[in-house]
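# predicted coordinates and the sequence they were generated for:
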Amino acid sequence: MRSGNSKIWLLALVFGAVAAILSWRIVQQQAQAPVPMARVVVAAQDIPVRTKITGSMLKEVEIPAAAKHPEALSSIRQAEGQVSRLPITGGEQVLITKFTAAREESGLSFIIPPSKRAVALNTNEVTGAGGLILPGDRVDVVAVFDAKTMGKDMSAIILQDIEVLAVAQSLEGELPAKSALDTASQALDGKNATPTAPKTNPKPLPLAKTVTLAVTPEEAQRLFLAESNGKIRLALRANQERTRVDLTEATLSTIRSPLRQGAAEITAVSISPVTLNAGDVMKVEITVKNISNAPIRSQGPEPGFTYVQGQTFQSQNFGPQTGAFRVGLNFGANRPVEYPYRWGLGGELAPGASTTVVGYVKVTSGMAATDYWAGLIEEPANVTHDNVGLVKVTVTAADMVLITVDAADLRSGPNISSPVIGQVFYGNQLKLLGQEADWYKVQVTESGLVGYIAAGWAAVPTKG
């Protein structure tokens, strides 16, 4: 009996050993079996919001298949050209949900940059660069005004390097009907996951009636004001072009005499006073800086010279010396030459140096509100810096009154109960015939009409 038990124990030990060996072999085989891997796209750098993705921003790596996120991309080509809707941290898997997708998932409010506002402008094929502006482009905004609005026909770049958020109802980074993930999936060969995405090009929208721009609140104010009082044009910038230029406004005079960059520029202008009586002297201060690498020369008259209204630099024997620089004062009324009042810089101006030129003009006759501005002239006729420090100057003639309100009623008698016989407007000068209490008796120069205006609506030159 004892011998039978020994055999049973022996067989148990043998079977146990065999089982242990088989288990060990299975574990070893499982340990040596390859772990399933998957290709995944990760960010090679931090990618901010609203960034157009390029291949250099990403890399493809192999990771265990179990660690791949279900929405992670497998090929860099799936991400190229997309626009990030959320920030992507360097090293993280790139998910399709991080990109701007269909409009119902994103919308305009999701793509407006921080601290900006979306502003829509009317556009057409002419004002919108031939209808070729697309969401994601950048533009300069040019405003064009006529003389009735600004006192002269002019145009100016009022905004630069502005991002286009939408054209018509197409948003920047927006995909067509299908999501980006669907598009990317269809672009892969199901057997080997090789990208075969068809090439897609954005289509121009020549019939679009609106362009939506991303602007700051202050830029929005200026843009609305310019659109209400003038015409707006959009100038399309080259891809990746982010520089800004400092230009004065263009006028009809600069069209006749094309502007080119000179060796110097005006940095400050003061013209005062802007309301004078006949016989007063107007003071002009113009600061000039040499922005070249060489000295610039000048000529007379010296700073401090006084012109009398009607005189010119030519009539005072200060004819131009070719290549010399002078500052000048120009105005909008009829004049014998451009910039009739010119002054020298007081000597040679060294590179990088600045000087302030002071000049005077004695006014001798009345003049309705007229534009005056400063300029820099490279003699004999190259205006290198034009339309600087524009102001309106009014000169009241002797025995005249100047209307100082938008519109003043002209009445038949010196009281508010007298009938209104006409209206006179800001800047008009009327002949002063007398005064009764708080009313001036005046005569309208153009029509000869005689009446009364309230004294608070007009200014009378000081005698003596």
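Perfect, thanks for sending it.
# helix or strand for the residue nearest to residue 451 when sequence neighbours are not counted, which one?
Excluding its sequence neighbours, the residue lying closest to residue 451 (Cβ to Cβ, 6 or more residues apart in numbering) is residue 410, at 4.0 Å. Every residue, glycine included, has its C-beta placed from N, CA and C. Element membership for residue 410, per DSSP states H and E: strand 407-411.
# output the contacting helices and strands for the helix or strand following that strand.
Going down the chain from strand 407-411, the next helix or strand is strand 420-425, by DSSP H and E. Counting contacts by 3 or more Cβ pairs under 8 Å, 6 or more residues apart in numbering; DSSP states H and E, strand 420-425 is packed against strand 407-411, strand 450-454.
# quick check: which ranges of the stretch 301-450 of the chain have low pLDDT?
Within the stretch 301-450 of the chain, the stretches with pLDDT under 70 are 398.
# quick one: the helices in the stretch 1-150 of the chain?
Assigned by DSSP state H, counting those that start in this stretch, the helices in the stretch 1-150 of the chain fall at 2-32, 108-111, 147-150.
# same question for the longest one, mean pLDDT?
In this model, helix 2-32 has an average pLDDT of 64.
# for the second one, same thing?
Across helix 108-111, pLDDT averages out at 64.
# give me the contact list for stretch 294-309.
Around stretch 294-309, the neighbours that count as contacts under Cβ atoms under 8 Å, 6 or more residues apart in numbering are 263-264, 281, 290, 313, 316, 318, 320-321, 323-326, 340-351, 357-365, 379.
# and for stretch 434-445?
With Cβ under 8 Å, 6+ apart as the test, stretch 434-445 has contacts from 401, 410, 414-415, 422, 424, 428-433, 449-456, 458, 460.
# one step back: in the strand holding residue 410, what counts as buried?
408-411 (16 or more other Cβ atoms under 10 Å).
# got the CA positions of that strand in PDB?
Taking C-alpha atoms only, strand 407-411 is exported to PDB below (Å, rounded to 0.1, in the frame of the first residue of the first chain):
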ATOM      1  CA  ALA A 407     -25.200 128.200 -39.800                       C
ATOM      2  CA  ALA A 408     -26.500 131.600 -38.600                       C
ATOM      3  CA  ASP A 409     -29.900 133.100 -39.300                       C
ATOM      4  CA  LEU A 410     -29.900 136.400 -41.100                       C
ATOM      5  CA  ARG A 411     -33.000 138.400 -39.800                       C
END
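# what packs against that strand?
Packing partners of strand 407-411 (3+ Cβ pairs under 8 Å, 6+ apart): strand 420-425, strand 450-454.
# in the stretch 201-350 of the chain, which spans are helices?
For the stretch 201-350 of the chain, the helices defined by DSSP H, counting those that start in this stretch cover 217-229, 252-256.
# where along the stretch 1-150 of the chain do the strands fall?
When assigned using DSSP state E, counting those that start in this stretch, the strands of the stretch 1-150 of the chain occupy the ranges 37-43, 58-64, 117-122, 138-145.
# OK, contacts around residue 392?
Going by Cβ under 8 Å, 6+ apart, residue 392 touches 151, 274, 369-372, 427.
# actually residue 424, not the one I typed
Residue 424 makes contacts with 403, 407-408, 410, 430, 444, 453, as judged by Cβ under 8 Å, 6+ apart.
# about what we covered before: as a markdown table, the helices of the stretch 201-350 of the chain with mean pLDDT, distance to residue 239 and mean neighbour count would be great.
Formatted as a markdown table, the helices of the stretch 201-350 of the chain follow (pLDDT from 0 to 100; distance: least, Cβ to Cβ, whole Å; neighbours: other Cβ atoms under 10 Å):
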| stretch | mean pLDDT | distance to residue 239 | mean neighbour count |
| --- | --- | --- | --- |
| helix 217-229 | 86 | 22 | 14 |
| helix 252-256 | 60 | 30 | 13 |
